[in-house]
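Participant: Any chance you could fold what I've pasted below:
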Amino acid sequence: MADNNVTVVDHPLVQHKLALMRNKNTPTAKFRLLLREISLLLAYEVARDLDIGLAEIETPLEKMKAPKLEGKKLCFVSILRAGNGLLDGMLDLVPSARVGHVGLYRDPKTLQPVEYYLKLPDKMGERLCVVVDPMLATGNSAVAAVQRIMESGAARIKFVCLLAAPEGIEIFSKAHPQVPIFTAAIDRELNDHGYILPGLGDAGDRMYGTK
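Facilitator: Residues are numbered from 1 along each chain as shown. Just a heads-up that it's a prediction; the model follows:
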C-alpha cells in the first residue's frame, strides 16, 4: 500500500512477524531473529527498482546474457545502534552492497539528535542509498542522518523503518520530500517521551537486552 511518499509493506508475513515483535513477552534472541527476517522482506520491496546490467554467462546448454544486479552501486546506511538489526537482513539479500553508519543518540530532554559517528563509502553520488532505522518516531534523527548523507553527495536515497508515527512521517517528509519512506506499519501516535504507540518499545534495548 502506498500513500504519497510512504509505502506500507503490508505483506501477511511482514505483518505476522511484526505482531510477534510487538509482544512484550518475545525474548531478545527471538526479537533479533524476527527483525532480521522482516528486514529481508522489507529489502525485497525497496529493491524493486535496483539497477541491473547484463553479464555473459554459460548455462549447461549455451551462452547467454543474463540480468545481473549492480551490487556495488547500492549502499545501506545504518543509523546506530538499532539500525544494525535491519542492516543484517538486508545484507543477507544483497551481500555485495556497501555499508555506511551514522551514529546518533537522542537527547532525553530535547529529543533532538546528537551525532557521534559518521562513516560512509566513497562515490556516494553514484549509489542508491538505503537508510535504515527501526523506528521513525519524532523524525529528528532520521532527518539529521539523511541530511548528513546528502552532504556526502548522495542524491538517490530511500528510508526504511519497521514502524512509523504520523508525527515522524510529517517532519521527515517536510525536511526531505524527495526521499521515499518504506515501513511495515504506521502506528497511532507518539507519547510524551517520543515513543511510538502502540509500538514495540525501544527497538535497540529489545534487540540487545539492555533494559
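Participant: Where in this protein is the helix or strand with the lowest mean pLDDT?
Facilitator: strand 2-3 (a mean of 54; mean pLDDT, DSSP states H and E).
Participant: residues contacting the residue nearest the centre of the chain?
Facilitator: For the chain, the residue nearest the mean C-alpha position is V132 (2.4 Å; CA atoms, centre = their mean). V132 makes contact with S39, F76, V77, S78, I79, G83, L86, L87, M90, F159, V160, C161, according to CB atoms under 8 Å, 6 or more residues apart in numbering. Glycine gets a C-beta too; all of them are placed from N, C-alpha and C.
Participant: Quick check: closest non-adjacent residue to it.
Facilitator: L86 (4.0 Å; CB to CB, 6 or more residues apart in numbering).
Participant: Any buried residues in whichever helix or strand K158 is part of, and which?
Facilitator: Per DSSP states H and E: K158 is located in strand 156-164. Counting neighbours by 16 or more other CB atoms under 10 Å, one finds that the buried residues in strand 156-164 are R156, I157, K158, F159, V160, C161, L162, L163, A164.
Participant: go on, stretch 191-198?
Facilitator: For stretch 191-198, by 16+ other CB under 10 Å, it's G194, Y195, I196.
Participant: same check, this time on stretch 18-34
Facilitator: In terms of neighbour count (16+ other CB under 10 Å), stretch 18-34 has its buried residues at L18, L20, M21, T26, F31, R32, L33, L34.
Participant: related to what we said a few turns ago, where is pLDDT lowest across the contacts of V132?
Facilitator: Taken together, the contacts of V132 show their lowest pLDDT at G83, with 87.
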